[in-house]
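**Q** Below: sequence and its predicted model.
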Amino acid sequence: MDFKEITTKSEEELKKLLEDSQEKERELRFKDSNRQLKNVREIRSLKKNIARILTILTKNKKK
């Protein structure tokens, strides 16, 4: 997901997206540990998206 797309979402949507992303990251880590995951770069991109979401949420709290 692009940074511009994330900034247009509401706080509730961001929290839901964060929760879903964290759950997906957890599932990918389990698959990786069991050698079932073929594309390990997917974990890296998901972590970056989580960081982007957290950045926007923190930025919105400070306002």
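**A** Structure's in. What do you need? Nothing here was measured: the structure is a model prediction, and the numbers come from that model. Numbers count the residues shown, from 1 in each chain.
**Q** Of all residues in the protein, which one is nearest the centre?
**A** Centroid-nearest residue in the chain, with CA atoms, centre = their mean: Ile50, separated by 2.9 Å.
**Q** That one: what's it in contact with?
**A** Leu18, Ser21, Gln22, Glu25 (CB atoms under 8 Å, 6 or more residues apart in numbering). Where you see a C-beta, it was placed from the backbone N, CA and C, and this is true even at glycine.
**Q** For the second one, which residues are in contact?
**A** Ser21 makes contact with Leu46, Asn49, Ile50, Ile53 under the criterion CB under 8 Å, 6+ apart.
**Q** who wins for most neighbours among those residues?
**A** In terms of neighbour count, Ile53 stands highest of the contacts of Ser21 at 22 neighbours, by other CB atoms under 10 Å.
**Q** Excluding chain neighbours, give the residue nearest to that residue in space.
**A** Leu18 (4.8 Å; CB to CB, 6 or more residues apart in numbering).
**Q** Quick check: which element contains the one you found?
**A** Using DSSP states H and E, Leu18 falls within helix 11-33.
**Q** in that helix, what counts as buried?
**A** Leu14, Leu17, Leu18, Ser21, Glu25, Leu28 (16 or more other CB atoms under 10 Å).
**Q** Stretch 53-63 now?
**A** Ile53, Ile56.
**Q** Give me the average confidence score over that stretch.
**A** Averaged over stretch 53-63, pLDDT sits at 92.
**Q** Which residues does it contact?
**A** So stretch 53-63 is contacted by Ile6, Thr7, Glu11, Leu14, Lys15, Leu17, Leu18, Ser21 (CB under 8 Å, 6+ apart).
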